[in-house]
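Trainee: Pasted the sequence and its predicted model underneath.
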Amino acid sequence: MINGILFRQRTGLPWRDLPTRFGKWKTVHDRHRRLSADGTWERILRAVQADTDSEGRIDWSMVSVDSTSCRAHQHAAGAPTRPPRTGRRSRPVQHRSDEALGRSRGGLTCKIHLAGEGGRRPLAFVITPGQWGDAPQLIPVLEQIRVPRPGGGHPPARPGHLGGDKAYSSRRNRRYLRRRQIKHTIPEPKDQRANRQRRGSKGGRPTGFDKALYRRRNEVERTINRLRTFRAVATRYDKRAFVFHGTITTAAIRLWLRP
């Protein structure tokens, strides 16, 4: 059953075309849906991250954020508006009325906002409709970083340095990072710089920028490229947002398990 889920995630083929050696396609599909709904995939990802962190193989010195748009297949549209069903022992799923689907010139799109560590592995991510901006999703992505400690204690959630492109530049984000004492390298767009200079002393101090650290932002771009090698992630085929979230989570688990 697990091999069937991973095979479909890698190839992106329709569930009905799943090879018979994996069993009934309906059974494999329903199991993946349940594991996505009750948070099992997320707990597995946290456990794998905790083991890696206990071995000192997570690079907390630099965490970068970025986003990528995924074209949604036409079969991904038309999800019912009623809340998804879960088992009696499953926790309720947070239902999205938009199902993380948006429309742009290219059609239906979904966006993955991701935070990656220096080892080119995803720490946390959120999914939104394709037309949503990047800056408002910086805080939700950072709030999702929770790597548990096997021996107990507060999980590490504050990176040594944060990198992002100019799309994440906003006064709200910079104020949040200063409050959490997170050093950051985010370039300031020309319009924001002109507005700050026009206000004079009320506009605040110029933002710091380290070119050497900013070059390390390619690490999160390479993380996204590794994630998009899974065809069921590069193109969204799942109707429900929580099922697509589970598909991305299984891809992230495979990246963490690779040596």
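Mentor: Yep, that arrived.
Trainee: and the gap between G106 and R178?
Mentor: 37 Å (CB to CB, to the nearest Å). Glycine gets a C-beta too; all of them are placed from N, C-alpha and C.
Trainee: cool, N218 as well?
Mentor: Distance from N218 to R178, by CB to CB: 25 Å.
Trainee: more neighbours, the two?
Mentor: Per other CB atoms under 10 Å, whichever of N218 and R178 has more neighbours is N218, with 14 against 11.
Trainee: any idea of the mean pLDDT for the strand or helix carrying that one?
Mentor: Assigned by DSSP states H and E, N218 belongs to helix 218-227. Mean pLDDT, helix 218-227: 95.
Trainee: Would you mark the buried spots in that helix?
Mentor: Judged by neighbour count using 16 or more other CB atoms under 10 Å, the buried positions of helix 218-227 are 219-220, 223-224, 226-227.
Trainee: now stretch 34-50
Mentor: Buried, per 16+ other CB under 10 Å, within stretch 34-50: 35-42, 44-45, 48-50.
Trainee: got CSV for those residues, with secondary structure, pLDDT and distance to G163 too?
Mentor: As requested, these are arranged in CSV below (DSSP: H, G, I helix; E, B strand; the rest coil; pLDDT from 0 to 100; distance: CB to CB, whole Å):
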residue, secondary structure, pLDDT, distance to G163
L35, helix, 95, 33
S36, helix, 94, 30
A37, helix, 91, 34
D38, coil, 91, 34
G39, coil, 91, 29
T40, helix, 94, 32
W41, helix, 96, 27
E42, helix, 94, 25
I44, helix, 96, 28
L45, helix, 96, 22
V48, helix, 95, 24
Q49, helix, 94, 20
A50, helix, 93, 24
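Trainee: Tell me which two of these sit farthest apart.
Mentor: Distance extremes for the buried residues of stretch 34-50: the farthest pair is A37 and A50 at 22.7 Å, using CB to CB.
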